[in-house]
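# For reference, the sequence and a predicted model appear below.
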Amino acid sequence: MRKPILAGNWKMNKTRDEAIHFLLSVEPNLPKDGVEAVICAPAIILRDLVKRSEVIHVGAQNMNENVSGAYTGEISPVMLKDTKVEYVILGHSERRAYYNETDEKINLKIARALEYELKPIVCVGEVLAERENGTTNKVLKTQIEGAFKDIVISNPDNIVIAYEPVWAIGTGKSATSAQAEDACKYIRELLANLYGAEVSDKIRILYGGSVNTKNIDELMSMPNIDGGLVGGASLKEADFITLCKGCVK
Ligand code: 13P
């Protein structure tokens, strides 16, 4: 019922030429249906990717919540819309940790993304200390309720959540499929409380954090995991293809 998504988050990697090489070699080998392949690339190469991609959907990795103005170095929703970008990652843990993004700020960004018909991929997840002291669900509740405060969801197909436990990102230590499923199921319950079960059943919830070609099948066998948000492994052409194939249920 929910079409799986395999989204690569390239973070601060790949030049324009490397990205185009990736597209040309990957696209002919992707599954024809059953999965939506997305690449969230550095802003400076988004226009090239949008122009050249035939199969892969293109997303940004961040966006300012303002439409225009004196915000040196920032990129606005108007600019992303003008570039014909489809998705935007919001609230990634690296943005929360290094650029002080709060739930309030992420909430403003989600509202603005929806206003400009950009599909947000909203990241939530606990740090290691929170997992260890048993407050994972409390953290997820605060993050989801904060991010979606006063947000109206008119089309649940256009909202994506990514559960990314911070301790699993870039560490090679993925959450187990049971841990990932528990968290994604809980996030769906939180969304059901906010928007009703019919809406929450349609929202795609991805798992992210050391997803690789070896663990994708088990993660995807879980009922509440609708795909992956992948960092390191999404940079490798062969792995990206395998991961997309692994998402076809
Ligand atoms: P890794 O797949 O490299 O652990 O990164 C996950 C991530 O942060 C995706 O947004």
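That came in fine, so what should we check first?

# in this structure, what spans have low per-residue confidence?
Across the chain, nothing is flagged by pLDDT under 70.

# which residue does it bring closest to the ligand?
As assessed by CB to the nearest ligand atom, the ligand sits closest to residue 231 within the chain, at 2.4 Å. All C-beta spots, glycine's among them, are computed from the backbone N, C-alpha and C.

# which residue packs closest to that residue, ignoring adjacent ones?
Distances taken as CB to CB, 6 or more residues apart in numbering place residue 9 nearest to residue 231, at 5.2 Å, with adjacent residues excluded.

# wouldn't that neighbour be in contact with residue 234 here?
Yes: contact criterion CB atoms under 8 Å: residue 9 and residue 234 qualify, at 6.6 Å.

# who's the residue nearest to residue 231 bridged to?
Under DSSP bridges, the beta-bridge partners of residue 9 are residue 40.

# Report the separation between it and residue 130.
Per CB to CB, to the nearest Å, residue 9 is found 22 Å from residue 130.

# what about the two, which has more around it?
residue 9 (27 against 18; other CB atoms under 10 Å).

# give the contact list for the more buried one.
Counting by CB atoms under 8 Å, 6 or more residues apart in numbering, residue 9 makes contact with 40, 61, 89, 92, 208, 229-231, 234.

# Phi and psi next, for the residue of the chain most remote from its centre.
When distances to the mean C-alpha position of the chain are computed (CA atoms, centre = their mean), the maximum falls on residue 70, with 27.8 Å. Dihedral pair for residue 70: phi -90, psi 80, per degrees, to the nearest 10.

# related to what we said a few turns ago, the contacts of residue 9 in strands, which ones?
Counting by DSSP state E, these place 40, 89, 208, 229-230 in strands.

# Weed out the non-buried ones from these.
40, 89, 208, 229-230 (16 or more other CB atoms under 10 Å).

# what does the protein have sitting close to the ligand?
Taking CB under 6 Å from any ligand atom, the part of the chain that reaches the ligand is made up of 9, 92, 164, 169-170, 208-211, 229-233.

# Which among these count as buried?
Buried, going by 16+ other CB under 10 Å: 9, 92, 164, 169, 208-211, 229-233, out of these.

# Take those and lay them out in a markdown table including distance to residue 115.
Shown next, in a markdown table, are those (distance: CB to CB, whole Å):
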| residue | distance to residue 115 |
| --- | --- |
| 9 | 23 |
| 92 | 21 |
| 164 | 25 |
| 169 | 29 |
| 208 | 26 |
| 209 | 30 |
| 210 | 34 |
| 211 | 31 |
| 229 | 23 |
| 230 | 28 |
| 231 | 28 |
| 232 | 33 |
| 233 | 33 |
